[in-house]
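J.: Test case, fold it:
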Amino acid sequence: MRCVWICLGAVAVLAGASGCVSNPKQTVLNLDTTDPKWTSRDCVAVRKHVAHYHDGDTTRAIVGFAGDLAAPHAGTGAALAMSKAQDGKRAQLNQQVKAACVTRRRHFL
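T.: Numbers count the residues shown, from 1 in each chain. Predicted structure coming up:
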């Protein structure tokens, strides 16, 4: 019984640690279309690149479902690990989107 609780705790920690970086497609959807950089060549190129970005949602769902059928919570852990592995790529794309499409505004007090 103790092993079950330890495993459930580990899955909860993984669930809390994963998903910290948003999907680049969501980042593009949240951009301000009235920003002067929105129509720039760099922004359009980055948005096209993000449109072709594949996050692996289907693969993670299949691994999670099949793994959970094989052993309880094994698929969930594997799917979370796969998602965590994509965080670096998501963060890099989000940074490129913000650099190319968001005008830095200076705030004066």
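J.: so after the lowest-mean-pLDDT helix or strand in the chain, what's the next helix or strand?
T.: The weakest-scoring helix or strand in the chain, judged by mean pLDDT, DSSP states H and E, is helix 2-17 (a mean of 49). Toward the C-terminus, helix 2-17 is succeeded by helix 24-29 as the next helix or strand (DSSP states H and E).
J.: hmm, who's touching the helix or strand just after that next one?
T.: Helices and strands here follow DSSP H and E; after helix 24-29, the next one along the chain is helix 41-51. For helix 41-51, contacts defined as C-beta atoms under 8 Å, 6 or more residues apart in numbering pick out 24-25, 27-28, 37, 93, 96-97, 100-101. (Each C-beta comes from the backbone N, C-alpha and C, glycine too.)
J.: Pull out the buried residues from helix 41-51.
T.: Neighbour-count burial for helix 41-51 flags 43, 46-47, 50 (criterion: 16 or more other C-beta atoms under 10 Å).
J.: Present those as TSV; the columns should include distance to A70 and pLDDT.
T.: Compiled in TSV, the buried residues of helix 41-51 are given as follows (distance: C-beta to C-beta, whole Å; pLDDT from 0 to 100):
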residue	distance to A70	pLDDT
C43	45	95
V46	40	95
R47	40	95
V50	34	93
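J.: and the two most separated of these?
T.: The most widely separated members of the buried residues of helix 41-51 are C43 and V50, with 10.5 Å between them, by C-beta to C-beta.
J.: so which of the contacts of helix 41-51 comes closest to A61?
T.: Nearest to A61 out of those is K25 (C-beta to C-beta; 16.8 Å).
J.: ok, the closest residue to that closest one other than its chain neighbours to S22 distance?
T.: Of all residues not flanking K25 in the chain, V50 sits nearest, at 6.0 Å (C-beta to C-beta, 6 or more residues apart in numbering). Taking C-beta to C-beta, to the nearest Å as the measure, V50 falls 12 Å from S22.
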